[in-house]
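Q: With the sequence up front, the predicted model follows.
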Amino acid sequence: MKEPSIISNQPNKHKYKISDDVSKIAPNLLNRKLNVKAANQVWCGDVTYVWAGNKWLYLAAVMDLFARIM
């Protein structure tokens, strides 16, 4: 790589932040009772972040447990 003057361009490793405050834990209202009788009674979801090109984006997914659709 020295001869043709090529250099490598690698992104820095992501440094995770450590939060000082304690997060509140939500109560488990569903308590593993997944036998839903009708649509729009129980929804579940999750939020994560994804590296897209040159920045972090949030990805949120929500699912109706009766219809199993997102």
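A: Right, received. Where do you want to start? Numbering: from 1, shown residues only.
Q: count of neighbours near V36?
A: Using other CB atoms under 10 Å, V36 has 16 other residues around it. (C-beta placed from N, C-alpha, C; glycine too.)
Q: and if you look at M63?
A: Neighbours of M63 under the rule other CB under 10 Å: 14.
Q: Just say helix, strand or coil for it.
A: strand (DSSP: H, G, I helix; E, B strand; the rest coil).
Q: Just the strands from the protein, written as ranges.
A: Assigned by DSSP state E, the chain shows strands spanning 43-52, 55-64.
Q: Between strand 43-52 and the last one, find me the angle.
A: To tie it back to what came earlier, the one meant is strand 55-64. Strand 55-64 runs at 160 degrees relative to strand 43-52, counting by axes from the mean of the first three to the mean of the last three CA atoms, to 10 degrees.
Q: Identify the bridge partners of the residue most central in space within the chain.
A: Nearest to the mean C-alpha position of the chain, counting by CA atoms, centre = their mean, stands T48 at 1.3 Å. Under DSSP bridges, the beta-bridge partners of T48 are L59.
Q: Low-confidence regions, the chain specifically.
A: Residue ranges of the chain with pLDDT under 70: 1-2.
Q: Dump the strands of the chain into TSV; add distance to S5 as well.
A: Listed next are these as TSV, based on distance: least, CB to CB, whole Å:
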stretch	distance to S5
strand 43-52	29
strand 55-64	30
